[in-house]
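1. Return a 3D structure for these sequence lines:
(one chain, ligands or ions: 2)
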Amino acid sequence: MRRGCTGTEKRDCYSIVSVTAPDAPSPKTTGSDLTQRMKGIAQLRAHLRYAIVGQDNLIDRLLVAVLTGGHVLLEGLPGLAKTTVVRVLAGGMTLGFQRIQFTPDMIPGDITGSDIFLPQDGQFQFIPGPVFNEVILADEINRAPPKVQSALLEAMQERQVTVGGTTRALPEIFMVIATQNPIEQEGTYPLPEAQLDRFQMKVRIGYPSAEDELKILRLEHERTSGTPMASADPALTAGGVLELRRAVNTIYLDEMLERYIVALVGATREPRRWDAELADWVTRGASPRATLALAHTARAQALLAGRDFVEPDDILQLAPDVLNHRIGLSFAARAAGVTPDRAIERIVACVPVP
Ligand SMILES: Nc1ncnc2c1ncn2[C@@H]1O[C@H](COP(=O)(O)OP(=O)(O)OP(=O)(O)O)[C@@H](O)[C@H]1O
Ligand SMILES: [Mg+2]
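-> Ligands and ions are numbered 1, 2, ... in the order given. Next up is the predicted model:
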């Protein structure tokens, strides 16, 4: 049984449960070490599946993010397990974990750390902020003012932090999983479009089915009243994660598929070339970061499927989560109820699969 925790305490929450991982697929091009690591990722998936009912897309995307080092924005209404899933993910790996609860009264130093004057030494000393960790849960990121958001978003992009003129590198493994509620409430600061581009994927979380909700109810009851289960070792260490990331980079992406990715992203910029209605909908296209993200995540998806080469379907599966936060829709399209997902569906239907 997982142990719940509160506040910003470090990583002992939701330690891994003893579940039997399904046999992990092993890519052909790599050795037995990698096979072992793939078992680790399968165990991590099983750990997430045990604690989180349904939400398979969310779990798959988080595993892709672990394998690529990408930052993820989770968007969903309150109570859909956004915070829980990140705690569970962090609990399955031996990585430094820190949750930052974003609030309207924060200052950038609450994220990055600051130089504190020590009277006994007569000098300043840098006290690192929570960003100096490997897995960061940036909870309710849209509740903090823009200066605080950009302190984190700059760290995400540059993987370093500058305070008082000194630049300090962040850990080699540094992934931010931010959560936000899609309802624009009073006292929230929506992330600027340019900042959204720094998230490799934006994953939307929907309501569970009635059947899944029943399971959630029973799981919660078990959690609060059941006998604690023995905890097992975390599924992945930092070394294991880095090894898997290197393996992702060896996955073969054929030139035809590279061109397909470029064409999909290109269609967000020049929709008129493909479809007149699409041109009325899409006013802002995705950046080359989207192209890189789509190629990288498709490679990770292939590795998760036990292949050493990317298939078109890997790209098609990732395209909505990689592109939806990177395209802008016209006022008329939004008024007519067109969503970024619908525009992406149309793009995917227009651009021929190689
Ligand atoms: N799919 C699910 N599987 C397991 N538990 C779930 C699921 N969905 C919701 N829950 C349970 O619902 C409760 C709320 O979850 P959590 O606090 O993570 O939601 P949240 O999305 O972070 O909400 P908020 O936006 O208000 O912060 C928790 O007890 C969580 O375990
Ligand atoms: Mg939450």
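2. Give me the buried positions along the host helix or strand of Ala319.
-> Taking DSSP states H and E as the criterion, Ala319 maps to helix 312-323. Using 16 or more other Cβ atoms under 10 Å as the test for burial, helix 312-323 gives Asp314, Ile315, Gln317, Leu318, Ala319, Pro320, Asp321, Val322, Leu323. To be clear about C-beta, it is placed using only N, CA and C from the backbone, and glycine gets the same treatment.
3. who touches it?
-> 57, 61, 64, 200-203, 257, 260-261, 264-265, 268, 286, 290, 293-294, 297-299, 301-302, 305, 340-341, 344-345, 347-348, 353-354 (Cβ atoms under 8 Å, 6 or more residues apart in numbering).
4. strand partners of the following helix or strand past that helix, parallel vs antiparallel please.
-> Downstream of helix 312-323, the first helix or strand assigned by DSSP H and E is strand 328-329. Sheet partners assigned to strand 328-329 using DSSP bridges are listed as strand 282-284 (antiparallel).
5. Got the domain ranges for the protein?
-> 32-240, 251-350 (automatic domain parsing).
6. Mean pLDDT lowest where, among those?
-> Comparing mean pLDDT across the domains of the chain, the weakest is domain 32-240, with a mean of 87.
7. now that domain, how far from the chain's geometric center?
-> 8 Å (Cα atoms, centre = their mean, to the nearest Å).
8. Would you check how far apart Thr112 and Phe132 are?
-> From Thr112 across to Phe132, the span is 9 Å (Cβ to Cβ, to the nearest Å).
9. Would you quantify the distance from the residue of the stretch 151-300 of the chain found nearest ligand 1 to Glu75?
-> Here the residue of the stretch 151-300 of the chain nearest ligand 1 is Ile216; by Cβ to the nearest ligand atom that distance is 4.5 Å. Distance, Ile216 to Glu75, by Cβ to Cβ: 19 Å.
10. Give me the more crowded residue out of the two.
-> Glu75 (18 against 15; other Cβ atoms under 10 Å).
11. what bridges to that one?
-> Residues in beta-bridge contact with Glu75 (DSSP bridges): Gln180, Arg204.
12. related to what we said a few turns ago, would you turn the buried residues of helix 312-323 into TSV with distance to Arg223?
-> Conversion of these to TSV gives the following (distance: Cβ to Cβ, whole Å):
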residue	distance to Arg223
Asp314	35
Ile315	38
Gln317	31
Leu318	32
Ala319	36
Pro320	32
Asp321	29
Val322	34
Leu323	36
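13. Out of the residues you listed, which is nearest to Thr167?
-> Val322 (29.6 Å; Cβ to Cβ).
14. hang on, the earlier thing: give me the buried subset of the contacts of helix 312-323.
-> Neighbour counting with 16+ other Cβ under 10 Å marks 61, 64, 200-203, 257, 260-261, 264-265, 268, 286, 290, 293-294, 297-299, 301-302, 340, 344, 347-348 as buried within those.
15. near ligand 1, from the residues you listed?
-> Counting by Cβ under 6 Å from any ligand atom, nothing from the buried ones among the contacts of helix 312-323 sits close to ligand 1.
16. Residues in contact with both of Thr112 and Phe132, list them for me.
-> What both Thr112 and Phe132 touch, as defined by Cβ under 8 Å, 6+ apart, is the set Val161.
17. And the two? Which one has more around it.
-> Legend: neighbour count by other Cβ under 10 Å for Thr112 and Phe132, higher for Thr112 (23 against 18).
18. With Thr84 as the reference, measure out to the more buried one.
-> For Thr112, the distance to Thr84 equals 27 Å [Cβ to Cβ].
19. Can you get me a residue count around the residue nearest to Lys215 when sequence neighbours are not counted?
-> Spatial nearest neighbour of Lys215, chain neighbours left out: Val53 (4.5 Å); criterion: Cβ to Cβ, 6 or more residues apart in numbering. By other Cβ under 10 Å, the residues close to Val53 number 19.
20. All good on my end, thank you.
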